[in-house]
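In: need a structure here:
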Amino acid sequence: MSALTIIIAVIDILVCIGLVFMVVFQEGNSKGLGVIGGGAETFFGKSKGRSIDALLKKLTSVTAVVFAVLTVVLYLLTGRGG
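Out: Now for the predicted structure:
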């Protein structure tokens, strides 16, 4: 494996771990594990909690796209894609 492939693989793994944590900390309809992230709605007020949740959802979407792109690039770089 070349150095570029190793670097992209490490970044891909880190993005994957970050994506998992972002999904776990999101509030679901039944609060779920989102409670672990803290009481944003009670401490900062309801509108602040909603804006943090909206930001987390947008950040999760961006991270998922980055993860997908990195995974496809890594697949192509390892020679299995063509």
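In: Longest helix in this protein, please.
Out: Secondary structure of the chain read by DSSP state H shows that its longest helix is helix 46-77.
In: Against which helices or strands is it packed?
Out: helix 3-25, helix 40-44 (3 or more C-beta pairs under 8 Å, 6 or more residues apart in numbering; DSSP states H and E). (Glycine included, C-beta is placed from N, CA and C.)
In: quick one: the first one to helix 46-77, angle?
Out: In other words, helix 3-25. Inter-element angle recorded for helix 3-25 and helix 46-77: 150 degrees (by axes from the mean of the first three to the mean of the last three C-alpha atoms, to 10 degrees).
In: Flag every buried residue along helix 3-25.
Out: Within helix 3-25, the residues scored as buried using 16 or more other C-beta atoms under 10 Å are Ile8, Ala9, Asp12, Val15, Leu19, Met22, Phe25.
In: Mean pLDDT per helix and strand in this structure: which one sits at the bottom?
Out: helix 40-44 (a mean of 51; mean pLDDT, DSSP states H and E).
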